[in-house]
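Asks: got a predicted structure plus its sequence, pasted below:
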Amino acid sequence: MKNEILPHTIQDMLKDRNGWIEFTLSKAALMITSIILLAAFYQIGADFSDIQMQRQLDSEAIKLKASIEDIGSISPDSIIQNTTYSFNSEYPIDAFISDEYIRFETTHSEKIIHSVKPLTFRTIPLNETEMRKVLSNNFNGQPGTFAHPLITDTTTILEVISTVGSQEVILNTGKIVNIEKTSIYLKNDSEVNRLEVILVHQ
């Protein structure tokens, strides 16, 4: 009788042990799965936050681009030839402008996020006085006004403008940005031509 009970008891113990092992493994598997799921949800949340920040940065850059292009698209004979732009970001950003594009950037979750928008119109990151001084220095004292046009061709003046505007200029996001359209006059033989440019400065 004892010989019949003993194997049965050992068998039950072995079964219980296997049951506990299976239970422990199941719990461990559930914990690992939970950790993976939490990590995945966190990553999705972080990615969504980055996307939101990118959209906000793009929106701010598009607004400045639109302000520049609004002035660029008006007639040179229009009474209104200038406007201003104020940054309206809820978070710190850095803003840069060159003759070909504007570039905004910010740091979010230890990542640098950029937004670059090309400019349609010929843009110079200088004010009127600075631009006329650059022209005078490059064209024998002629500032390119109607009274004192540049004695040169369009290709040469475009090369000078491109050289001046190729370097990025940082904009102070705490100050108003001034945007204005002006004209550079150039004389080739007896013909006087007008080259329209957009000045962006603070």
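Replies: In hand now; what should we look at? Model, not experiment: these values are computed from the prediction.
Asks: point out where this protein drops to low pLDDT.
Replies: Applying pLDDT under 70 to the chain flags residues 1-48.
Asks: again, only using 90
Replies: 1-53, 75-81, 88-92, 107-112, 153-154, 161-162, 164-167, 187-192 (pLDDT under 90).
Asks: show me where it has its strands.
Replies: Counting by DSSP state E, the chain has strands at residues 82-85, 94-97, 101-108, 111-118, 123-124, 150-151, 169-171, 177-188, 191-201.
Asks: could you give the bridge partners of the residue nearest to the spatial centre of the chain?
Replies: The chain has Ser115 as the residue nearest its centroid, 1.8 Å off, counting by CA atoms, centre = their mean. For Ser115, the beta-bridge partners under DSSP bridges are Phe104.
Asks: for it, give its distance to Ser73.
Replies: 22 Å (CB to CB, to the nearest Å). For every residue, glycine as well, the C-beta is placed using N, CA and C.
Asks: same question for Gln142.
Replies: From Gln142 to Ser73 the distance is 28 Å (CB to CB).
Asks: so for these two, which sits in the more crowded spot?
Replies: Using other CB atoms under 10 Å, the more surrounded residue of Gln142 and Ser73 is Gln142, with 19 against 10.
Asks: contacting residues around the closest residue to Glu168 other than its chain neighbours?
Replies: Leaving aside its chain neighbours, Glu168 sits nearest to Phe96 (4.3 Å; criterion: CB to CB, 6 or more residues apart in numbering). Applying CB atoms under 8 Å, 6 or more residues apart in numbering, we find Phe96 in contact with 102-105, 168-171.
Asks: could you work out the most separated pair of these?
Replies: Farthest-apart pair in those is Glu105 and Val169; separation 14.5 Å (CB to CB).
Asks: how about the contacts made by the closest residue to Glu100 other than its chain neighbours?
Replies: Leaving out its chain neighbours, the residue that sits closest to Glu100 by CB to CB, 6+ apart is Leu119, at 5.9 Å. For Leu119, the contact set (CB under 8 Å, 6+ apart) comprises 65, 68-69, 99-102, 198.
Asks: in JSON lines: those residues, plus neighbour count.
Replies: Formatted as JSON lines, the contacts of Leu119 follow (neighbours: other CB atoms under 10 Å):
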{"residue": "Lys65", "neighbour count": "19"}
{"residue": "Ile68", "neighbour count": "23"}
{"residue": "Glu69", "neighbour count": "17"}
{"residue": "Asp99", "neighbour count": "22"}
{"residue": "Glu100", "neighbour count": "13"}
{"residue": "Tyr101", "neighbour count": "15"}
{"residue": "Ile102", "neighbour count": "24"}
{"residue": "Ile198", "neighbour count": "22"}
